[in-house]
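*Asks:* Sequence first, then the predicted structure, then my questions.
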Amino acid sequence: MEYASLVILYTSRVKFTVEKKGRNSTARAGEIETPHGIIETPAFVPVATQAALKGVRSEAAETIGVSVIFANTFHLHLSPGEAVIKSAGGLHKFMNWLGPIMTDSGGFQVFSLGAAYGQGVSKVARASLASMGQDAGLPLGSLASKLQVSSLVKINDDGVDFQSPRDGSSHRLTPESSITIQHDLGADIILAFDECTTPQASYSYQCEALERTHRWAERSLEQHQKLLRRISRPPLKGAQGEALELNSPALFGIVQGGRAPELRESSAKFIGGLNFDGFAIGGSFNKEDIGAVVALVNRQLLPDRPRHLLGIGEVEDIFVGVENGVDTLDCVTPTRLGRHGTVETKHGRLNLSSGKFAADSKPIEDDCDCEVCRHYSRAYLSHLFRAREMLATTLTSIHNLHFFISLMGKIRVAILDDNFDSFRHQFLTRYLST
RNA sequence: GCGGUCGUGGUGUAGCCUGGUUAACACGUCUCCCUGUCACGGAGAAGAUCGCCGGUUCAAAUCCGGUCGACCGCG
């Protein structure tokens, strides 16, 4: 009885409305309403792993038009710890970001600190490179080589033992602890604890990992509902809405299955059959297959719930994701590229740390209305990079964030105007032409 | 004037004493990479006939002489 009413309240944590569906594609535009505001979809979700969009203040992100950010359970658990953040009033207050926040469960760190650790392996494999043998033997991470280890994780069916990449200390994450930590962090949308596998994983390992992820999904959901019941019990007598406002996130399940279409399909059926508020598509891909996999998965997922594509964010992949029915995507691309000197433009990428921009008085993009393009030249940015000034990474990250946010805004308008296809064609033709 | 120290890629150095295959390193430069962030990082390339002239030697950045230049000390 109590449970049933809670489910209603709980699912109302994110109210998802589809405003428009694409005519020739499964692209859609809509709104996700969260306790901290509305996310107009499709939306790009910048990554703030350690409760910071690296190099960019929360206020600047708001000015850029960022609507939702993506923080990380594992890293925030290590430092400063969820207790500190909870007592600070939650992530929103802690980092002065008052808009919606999603948290990742730590499942990606099973990959990034595990199979990928120090190997330079991406979750997106490129068949063209793999066939040339260039996927192996890439850069050794500095810390990996320093510590002489190839993995910081040990996985078993109950959970994952991590070694901190900072100090080597041991930390255990299970579906239960990940969900509990995410509740403590106070995000609006949280994710089930999963195992993100490497694209190099064998089919048999992929099957094993998928089974585990499915069991973890059920456990994540159970833990989530348990915590919701605990939160809601006293306020149910009085102002229930108020109490829920404080701390009751929506939970998204994560579809896995790696590069195997049949595993993706069965995962989508399984995860899609559980009572999640929305869904995320995670794991590894072949670059060339992202669209097909996302389409396959989304055909199995309930259309009335939001779909998030995890960790995908190169320009052409964003179009692919949206075209195939994804509502939100998170990616480190704008901030990581920016930090390494690369800026996105509608004509493709530029690396401003190159001396060839030393006397280039133009802005990054002539008609860009971001704060950086309005006030600073390529020459100045190039100088800042070569002088190793911190401001360099801040400014390029701001431009890149603006680029992705504004691109998403245009995509949304295109869907609403029923011309997504032509917009995509026009944009990508120019973007990929150089 | 005398004595000493030093001249090696763009910059700073290592190698020289105990001559020997493609002269090493750092920074800089250039190119490429980055997809639920361990990482303001990674991978690669170009670039010096070792101040100049001569000698010794099978072989000289390396030993010897001379010379030019810089610096230091003494006059």
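*Replies:* Perfect, thanks for sending it.
*Asks:* secondary structure element for residue A:252?
*Replies:* Element membership for residue A:252, per DSSP states H and E: strand A:250-255.
*Asks:* if we look at that strand, which residues are touching it?
*Replies:* Contact partners of strand A:250-255, identified using CB atoms under 8 Å, 6 or more residues apart in numbering, comprise A:10-11, A:13-14, A:34, A:105, A:107, A:179, A:188-192, A:194, A:213, A:217, A:220-221, A:224, A:264, A:267-268, A:271-272, A:274, A:276-283, A:297, A:301, A:306, A:308, A:310. C-beta here means a position set from N, CA and C on the backbone, and glycine is covered the same way.
*Asks:* Contacting RNA strand B as well, which ones from the residues you listed?
*Replies:* Among these, the ones lying near RNA strand B by CB under 7 Å from any atom of the strand are A:105, A:107, A:191, A:194, A:280, A:282-283, A:310.
*Asks:* just to revisit the earlier point, what about the strand holding residue A:252 and RNA strand B, any contact?
*Replies:* Yes - judged by CB under 7 Å from any atom of the strand, strand A:250-255 and RNA strand B are in contact via residue A:254.
*Asks:* and the helix or strand following that strand, average pLDDT?
*Replies:* Following strand A:250-255 in sequence order, the next helix or strand is helix A:261-272 (DSSP H and E). Averaging pLDDT along helix A:261-272 gives 98.
*Asks:* got the angle between helix A:261-272 and strand A:250-255?
*Replies:* 160 degrees (axes from the mean of the first three to the mean of the last three CA atoms, to 10 degrees).
*Asks:* Name the residues of helix A:261-272 that are buried.
*Replies:* Neighbour-count burial for helix A:261-272 flags A:263-268, A:270-272 (criterion: 16 or more other CB atoms under 10 Å).
*Asks:* Just name whatever secondary elements the helix or strand following it is in contact with.
*Replies:* Moving toward the C-terminus from helix A:261-272, the next helix or strand (DSSP H and E) is strand A:278-281. When contacts are defined as 3 or more CB pairs under 8 Å, 6 or more residues apart in numbering; DSSP states H and E, strand A:278-281 packs onto strand A:250-255, helix A:290-300, strand A:307-309.
*Asks:* rerun that using 6 Å as the cut-off
*Replies:* Other elements packing on strand A:278-281 under the criterion 3 or more CB pairs under 6 Å, 6 or more residues apart in numbering; DSSP states H and E are strand A:250-255, strand A:307-309.
*Asks:* so what strands line up beside that strand?
*Replies:* strand A:250-255 (parallel), strand A:307-309 (parallel) (DSSP bridges).
*Asks:* Hmm, residue A:151 and residue A:162 touching each other?
*Replies:* No - contact criterion CB atoms under 6 Å: residue A:162 and residue A:151 do not qualify, at 9.9 Å.
*Asks:* which of these two has more neighbours?
*Replies:* Per other CB atoms under 10 Å, whichever of residue A:162 and residue A:151 has more neighbours is residue A:162, with 24 against 17.
*Asks:* wait, what's in contact with residue A:46?
*Replies:* Applying CB atoms under 6 Å, 6 or more residues apart in numbering to residue A:46 gives the contacts A:53, A:66, A:69, A:401.
*Asks:* Adding pLDDT, write those residues out as CSV.
*Replies:* Shown next, in CSV, are those (pLDDT from 0 to 100):
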residue, pLDDT
A:53, 98
A:66, 98
A:69, 98
A:401, 98
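*Asks:* so the biggest helix by length in chain A versus helix A:261-272, what angle?
*Replies:* Ordering each helix of chain A by length in residues (DSSP state H) puts helix A:203-232 first. For helix A:203-232 against helix A:261-272, the angle by the same axes, to 10 degrees is 10 degrees.
*Asks:* what about the closest residue to residue A:125 other than its chain neighbours, which SS state?
*Replies:* By the measure of CB to CB, 6 or more residues apart in numbering, the closest residue to residue A:125 outside its immediate chain neighbours is residue A:199, 3.7 Å from it. Here residue A:199 is coil, with the state taken from DSSP: H, G, I helix; E, B strand; the rest coil.
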